[in-house]
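Student: Everything below, folded, please.
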Amino acid sequence: MISRSSQGLVHLVVALMLLGLAPTAARPAESASTESAARSADAQSLLLLVRANPETTSDRIKATLLAGIKQAGCTCTSIQIREVDPRVIDQLEATLRMLEPTSKGWVNRLTSKLELRKTELQTWEIRLPAPTTDWIEKLEVWYERAQEWVSYEPVPPEKAQFPGLIVISVRNGLYEFRPDEQKGRPAKYRVHYSGPNSPKVDEGDFPLIDKCYVINLLDFVGDKTQLFEVVKDKDKVANPFTDIRERTNVTLVFGSIDARSAATGETVVGTDLFVSVSGVAGRSPSRAWMLFPLTQEEAQRTAAMIDKLPDPSVALPEFIRKNAASPDQAVLELPGPRWFELAPSGSGFEGRIKLARRIEDLGSLVQKYPRMYRILVWEFEYPNNSSREAIYVEAPGGDRLYIMEEMSSWDRILRQALQANP
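Tutor: Numbering: from 1, shown residues only. The predicted structure is shown next:
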């Protein structure tokens, strides 16, 4: 069983750096967002990596930061907090320790019998000593909030349910347990075995595992050193941070060399959708465009319309500009789908799209678009802006001037944004 002890509200904060929000572009985008231009040149995103004790909630951390920001005379447009797998921060800390003298790491305690290890936010790995001829017949779990024992029998992966106990490998004694979040933290366990060598029952406590968070202070302006001093002061905030280490000697750069899996995808921060898409192999597009929001039927109609354009590769850029989004409009205010420009960023393209004016309005987007589709177009610009042409890309069914696809993460990222701002 692995456990890590922790005390205080937050016993580690790594303030990695200040990250500018504007993408680093090899070529300037055709048009700049008026919202970005109006934003103070000093406004940046302050990224905090936080390790906290298991009882600490994101609301408590947010309250401490809000109090600190006010007393330190700083400002930010919003505080976004997301719980992450502890391994994310473990690995980053291990990397950053390469810059420091050797020091003592975490102390792990293992039992000689059952090993419990948290592998994801709501998944526990249960491992019997290998090799083994025994297997788990039943797992009983005591939930702290529900104050009750719940019994689980192992099932194969194809019959996996949430919550439940899953057999990964009987021969290697490997199982996965997914607890019932509604019943609170799993506190105790009783494992009932079958087989010639194990005791009939093995019982113990679930390890207390630190919670880990990534916190983004969006559009932060002010003296971050003063902020850190305030949030550590027990006389100035109700739940102070116990340790903060700012990494001033680190610049984090994401690079790739002919990578096949560059970071692409979407996330919602506050009421803004951040989009990253790849470039086009062997081509040099000046910008990308994303038609959004779309239902499946709207996407199919637009795709058919593009296919029918005369001289489509030349006509499509003009077609896009007639329906381009105004940068100061939120998606919820649009009368229909619009084309959003994505600016060059590294080997791909990025954009920031205002979804709504208020966090609580994001729920209506989920209701209106339970499934979200988009159309992507990459555009080449000839020297001296003489003309533009859409680039053919690989697509299902053959090369096309666009990619039509479902945004599979849509429902998840919006619900995460709503949960981060209750």
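Student: just checking, residue 142 touches residue 187?
Tutor: Yes. Counting by C-beta atoms under 8 Å, residue 187 is a contact partner of residue 142 at 5.2 Å. Where you see a C-beta, it was placed from the backbone N, CA and C, and this is true even at glycine.
Student: Pick out whichever of the two has more residues nearby.
Tutor: Neighbours were counted for residue 142 and for residue 187 using other C-beta atoms under 10 Å; residue 142 has more, 20 against 14.
Student: Now that one. Nearest residue, chain neighbours left out?
Tutor: residue 188 (3.9 Å; C-beta to C-beta, 6 or more residues apart in numbering).
Student: can you tell me the helix or strand for the one you found?
Tutor: Secondary structure from DSSP states H and E places residue 188 in strand 186-194.
Student: Equivalent analysis for residue 299, please.
Tutor: Using DSSP H and E, residue 299 sits within helix 296-307.
Student: While we're on residue 71, how confident is the model there?
Tutor: pLDDT for residue 71: 97.
Student: residue contacts, it?
Tutor: When contacts are counted by C-beta atoms under 8 Å, 6 or more residues apart in numbering, residue 71 touches 230, 236-237.
Student: rerun that using 10 Å as the cut-off
Tutor: Shown in contact with residue 71 (C-beta atoms under 10 Å, 6 or more residues apart in numbering): 226-227, 229-231, 233, 236-237.
Student: which among these end up buried?
Tutor: Neighbour-count burial (16 or more other C-beta atoms under 10 Å) applied to these gives 227, 230-231, 237.
Student: Pick out whichever of these sits closest to residue 402.
Tutor: Of all the buried ones among the contacts of residue 71, residue 402 sits closest to residue 227, with 45.3 Å by C-beta to C-beta.
Student: tell me, what residue is most central in this protein?
Tutor: The chain has residue 267 as the residue nearest its centroid, 6.5 Å off, counting by C-alpha atoms, centre = their mean.
Student: hmm, back to that, run me through the strand neighbours of the strand holding residue 188, direction for each.
Tutor: With DSSP bridges as the test, strand 186-194 is paired with strand 135-143 (antiparallel), strand 201-205 (antiparallel).
Student: As CSV, these with mean pLDDT and distance to residue 401 would be great.
Tutor: Below are those laid out as CSV (pLDDT from 0 to 100; distance: least, C-beta to C-beta, whole Å):
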stretch, mean pLDDT, distance to residue 401
strand 135-143, 93, 54
strand 201-205, 88, 60
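Student: now these in a markdown table, with distance to residue 71?
Tutor: A markdown table is the format used below for those (distance: least, C-beta to C-beta, whole Å):
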| stretch | distance to residue 71 |
| --- | --- |
| strand 135-143 | 39 |
| strand 201-205 | 39 |
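Student: do you know which of the ones you listed lies nearest residue 304?
Tutor: strand 135-143 (53.2 Å).
Student: What are the buried residues along that closest one?
Tutor: Within strand 135-143, the residues that count as buried by 16+ other C-beta under 10 Å are 135-136, 139, 141-143.
Student: In the stretch 51-200 of the chain, mark out all the strands, start to finish.
Tutor: Along the stretch 51-200 of the chain, the stretches classed as strands by DSSP state E, counting those that start in this stretch are 78-84, 115-120, 123-127, 135-143, 148-152, 154-155, 164-169, 174-178, 186-194.
Student: that older thread, and the pLDDT at the residue nearest to the centre of the chain?
Tutor: Confidence at residue 267, expressed as pLDDT, is 84.
Student: so it touches residue 276, yeah?
Tutor: Yes. Taking C-beta atoms under 10 Å as the definition, residue 267 is a contact partner of residue 276 at 8.7 Å.
Student: tell me the mean pLDDT over the helix or strand hosting residue 362?
Tutor: In the assignment (DSSP H and E), residue 362 maps to helix 362-368. Average pLDDT, helix 362-368: 88.
Student: check contacts around residue 298.
Tutor: Counting by C-beta under 10 Å, 6+ apart, residue 298 makes contact with 291, 336-337, 373, 375.
Student: which of those residues count as buried?
Tutor: Neighbour-count burial (16+ other C-beta under 10 Å) applied to the contacts of residue 298 gives 291, 337, 373, 375.
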